[in-house]
Each structure stands twice: as C-alpha cells, then as structure tokens.
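**Q** Return atomic coordinates for the entry below.
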Amino acid sequence: VDDESAIRELLSRALSQHGFRCDTAENGETALEMCARHQYDLIITDLKMPVMNGHIFCTQLMKQQDRKPEICVLTGIIQPLIDEDLRKRGIKHLYRKPVEYKEFAKNMLEILNRKKASRHKNLEPAQSDESTTPSGSKHNVVVLSTDSSFCHRIVLASAESPLDVIVALSTDHL
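**A** This is a model prediction of the structure:
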C-alpha cells in the first residue's frame, strides 16, 4: 500500500521474484476494502498517503481482522511516537525508505516462513502415550485452512498420530 506508483511497482516486482502473489493499493481506504474481501498473509504499507494514511489503515485493520496478517510498515518519515504506537498494537516490522528491494523481499519471505513455522509448531500435538482424554473420549483435531500446501503437510504429519485429524480447505469440505 503506497501512494507512489513507482514504489508499488518496484516492490511488487521484487516480491513476485521471491514467489509472492501481490495486490497493490494506492491508499489505506482502498487497501482496507481489499482486506475485507481477501485474507492476506503479509501487508506492506507506507504511512504518509492521501485519503487514509498508513497509521489509520493499520489500526483499522488490526481491529477488523480475525486472522491477523503480518504487517510491515515501509516509510520515509520518522515519527518515533507513531512507531511506538504501532509496536504497542503488535506491528513489529518497521522499515525506513529507501530500501534495497530484493533484500527487502528476502526479509519478507523470512518473516512469513517464521510465522508459518510458528503456526505449525503450535499445531503439533503434545507428546503423550495416551490416545484418549482423561474421560476416555478419543482426541479429535480439526484443521481448517485455505493454504492447501499447509493442509497437505498436516495430513502427512498426522499419519502416524493416534489422533483423528480432519483437514479441510473450507467448511464445505467438513
């Protein structure tokens, strides 16, 4: 999300070369509308933009999203109070322009890989010799994700598990 078309194009091109599928928006209002229609894993935004600035966009997005995307602020302005406020709201990735776009794209890939690894680690069942709960009922796990490669990895990882694991791409598949 950036009001400068050249920045959007350079960033989109660098990210695409690292396997990202990119949508672009010229202001926070347009981006917020796009986020209402799509689930994004990563959002990169400038702060200083017309219509809706990046700070307002970030705060609105954090209120509205159930599944929070990684948000990265890429800006040329230095506002320590805004930086501090964004960090308090859970936005950990703040970068200053200018950046080397290919290196920046690599950093974004690393951020998403860490997030996926963390999410995968949190889904691993606790090690136990028992395949039932204390009440005697069997453990069941339901994984609902739109990421088909993630679903496939869960199916493979759960093959040896005593758990009943149900993996679906949408609620229609349950």
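**Q** quick one: pLDDT of L144?
**A** The per-residue pLDDT reported for L144 equals 69.
**Q** And L123, by the same measure?
**A** 55.
**Q** Ok, K63 next?
**A** For K63, pLDDT reads 84.
**Q** May I ask which helix or strand encompasses it?
**A** If you go by DSSP states H and E, K63 is part of helix 54-64.
**Q** Need the CA coordinates for the helix ranked longest in the chain. CSV is fine.
**A** For the chain, the longest helix by residue count, based on DSSP state H, is helix 101-123. Extracted in CSV, the C-alpha atoms of helix 101-123 (Å, rounded to 0.1, in the frame of the first residue of the first chain):
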residue,chain,number,x,y,z
TYR,A,101,14.0,-4.0,-2.8
LYS,A,102,15.4,-7.5,-3.4
GLU,A,103,16.9,-7.7,0.1
PHE,A,104,13.6,-6.4,1.5
ALA,A,105,11.7,-9.1,-0.4
LYS,A,106,14.0,-11.7,1.1
ASN,A,107,13.3,-10.3,4.6
MET,A,108,9.6,-10.5,4.0
LEU,A,109,9.9,-14.1,2.9
GLU,A,110,11.8,-14.9,6.1
ILE,A,111,9.1,-13.2,8.2
LEU,A,112,6.4,-15.3,6.6
ASN,A,113,8.5,-18.5,6.9
ARG,A,114,9.0,-17.9,10.6
LYS,A,115,5.2,-17.2,11.1
LYS,A,116,4.3,-20.4,9.2
ALA,A,117,6.8,-22.4,11.3
SER,A,118,5.5,-21.0,14.5
ARG,A,119,1.9,-21.7,13.5
HIS,A,120,2.9,-25.3,12.5
LYS,A,121,4.7,-25.8,15.8
ASN,A,122,1.7,-24.6,17.8
LEU,A,123,-0.5,-27.2,16.0
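**Q** and it, what does it pack onto?
**A** helix 5-16, strand 42-45, strand 70-75, helix 148-158 (3 or more C-beta pairs under 8 Å, 6 or more residues apart in numbering; DSSP states H and E). C-betas here are computed from N, CA, C, even on glycine.
**Q** low-confidence ranges in the chain?
**A** Along the chain, segments meeting pLDDT under 70 span 65-67, 120-165, 167-174.
**Q** and with 80 instead?
**A** 64-68, 118-174 (pLDDT under 80).
**Q** what angle do the helix holding K63 and strand 70-75 make?
**A** If you take axes from the mean of the first three to the mean of the last three C-alpha atoms, to 10 degrees, helix 54-64 sits at 170 degrees to strand 70-75.
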